[in-house]
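1. I'll drop the sequence and a predicted model, then ask my questions.
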Amino acid sequence: MFSFLNGKSPFDEAEEKLEAGETVNGRPKLSQAPIMGWQDGVFLLVLVGLIVGGYYFYQYTKQKSSDSFAKCDVLYVSAETNAEKYVEAEACYNETWDLSFVSDSMEILRQNRLGAIEDLRNHQKDLYADAMGAMAARDTVAAYKVVNEYKGPMLLNRGDAKDWNNIAENDAIKASVAAAAARADSIAREKAIADSLAQVAAELRAKAVADSIEKANKKLARKSKRKKVR
Amino acid sequence: MSESIVDRQEKIRAKFASFADPDDKWKFLLDLAREHKGMDAALKAEKFIIQGCASTMYLVPKFENGKIHFEMDVEGGTTNPLISRGLGALALQVFNDMAPADILSVDPTFFQQIGLNVGLSPTRSNGFASLLKQIYLYARVFDAISKK
């Protein structure tokens, strides 16, 4: 009979192995093959590397975002007592736009705080418009008052901030404000003198009236006394 | 049958009523902003900018088949004005693709009633009011045109 097995049946080989003791649970032990080829190993390593690397990168970006937001938070909170810090807080939050990880709560905080700073800016813009309106009407005292009563941060753009500071620090305006204050002071003094004079006059008038009433009463009393005598 | 403007309002009212945490409202607006598709850059003309908004908000109306379709987008320069975009998207959820008469029938205080303004910065509140004003203005104009 023609055979590729050199006259041996596969059962013969198994029997030989059984006889040699190569068994596992009573069955012939199968030849050991590698679990995977080297290509599969490399692929698996790359995959594990990507997963681990991705996880660490995610943790890194998360930490970076958390640190950046914490820094901005400190600035924003300190701005509540030192208004100038709002500018730094705004710049800090604006730097966070480049971060690759921003959670919803971070986003809400960023949007609300930038919104609050924008409100402050709009308030100052309104005051700026008032001050410039007063300047256009040549009422430098009113413009100076608007600018100097503002205690918030400087949030205007460079050009407007320059105008604002010109009003706040201009010597001519300061002089005219001082002159206006002196005028107001002298007017107040004059008014006070006039008031006190008026008060004295009123008192004198009241005294004169009281005297004349007393005089008239005395006269009446004398008249009635004379009538009784008659 | 298409959804009526009252149904839309009720859906939004129910949504706002379901918010347990104050942050839920902001998250909802952020989601709306992220889901909102912008508009073709060619449509962004200066005449479509809403005046009184801190960010640059565009609102482009298109009157077709008796309904007004609005395209809206917000630009904030270097910032990403998500809350403003979310507010715009919320307004469109009520008013988009509605007849002018339906738009005009909506009580303008609806958004205040559901608590949208609570915690909203004055600048954004004013911007949102300007947006609503512009929507009503377009509705009035298209209503007059359609009655001619």
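-> Looks like it came in fine.

2. I'd like to know how many residues surround the closest residue to chain B within chain A.
-> Nearest residue of chain A to chain B, counting by Cβ to the nearest Cβ: A:Gly115, 3.8 Å away. In this view, the C-beta of every residue, glycine as well, is placed from N, C-alpha and C. Residues lying near A:Gly115 (other Cβ atoms under 10 Å in any protein chain shown) number 19.

3. For it, what are phi and psi?
-> A:Gly115 adopts backbone torsions of phi -60, psi -40, taken as degrees, to the nearest 10.

4. my read: it touches B:Pro122, true?
-> No: using Cβ atoms under 8 Å, A:Gly115 is not in contact with B:Pro122; the gap is 9.0 Å.

5. Near whatever residue of chain B ends up closest to chain A, how many other residues are there?
-> For chain B, the residue closest to chain A is B:Ser121, as judged by Cβ to the nearest Cβ, at 3.8 Å. Residues near B:Ser121, counting by other Cβ under 10 Å, number 21.

6. Excluding chain neighbours, give the residue nearest to it in space.
-> Nearest residue to B:Ser121, sequence neighbours excluded (Cβ to Cβ, 6 or more residues apart in numbering or on different chains): A:Gly115, at 3.8 Å.

7. gap between that neighbour and B:Pro81?
-> To B:Pro81, A:Gly115 is 9 Å away according to Cβ to Cβ, to the nearest Å.

8. How about B:Lys37?
-> From B:Lys37 to B:Pro81 the distance is 16 Å (Cβ to Cβ).

9. now swap in A:Leu120 and tell me
-> For A:Leu120, the distance to B:Pro81 - Cβ to Cβ - is 17 Å.

10. any idea how far stretch A:188-206 is from the chain center?
-> 54 Å (Cα atoms, centre = their mean, to the nearest Å).

11. Could you list the low-pLDDT ranges of the chain?
-> No chain specified, so I'll use chain A. Along chain A, the model assigns pLDDT under 70 to residues A:1-32, A:230.

12. I was thinking of chain B, sorry if that wasn't clear
-> B:1, B:77.

13. interface residues of chain A facing chain B?
-> Proximity of chain A to chain B is confined to A:94, A:97, A:104-105, A:107-108, A:111-112, A:114-116, A:118-119, A:122 under the rule Cβ under 8 Å from any Cβ of the partner chain.

14. From those residues, which land in helices?
-> Among the residues of chain A next to chain B, the members found in helices (DSSP state H) are A:94, A:104-105, A:107-108, A:111-112, A:114-116, A:118-119, A:122.

15. For the top helix by length along chain A, which helices and strands make contact with it?
-> Counting by DSSP H, the longest helix found in chain A is helix A:171-229. The contact analysis (3 or more Cβ pairs under 8 Å, 6 or more residues apart in numbering or on different chains; DSSP states H and E) places helix A:171-229 against helix A:140-149.

16. Quickly note the distance from the residue nearest the centre of chain B to B:Met57.
-> In chain B, the centroid-proximal residue (Cα atoms, centre = their mean) is B:Ala91; its distance is 2.3 Å. Per Cβ to Cβ, B:Ala91 is found 10 Å from B:Met57.

17. didn't B:Met86 look like it was pressed against B:Ala33?
-> Residue B:86: Gly, not Met. Yes: here B:Gly86 reaches B:Ala33: they are 3.9 Å apart, a contact under Cβ under 8 Å.

18. Looking at those two, which has the bigger crowd around it?
-> The residue with more neighbours, out of B:Gly86 and B:Ala33, is B:Gly86; 25 against 22, by other Cβ under 10 Å.
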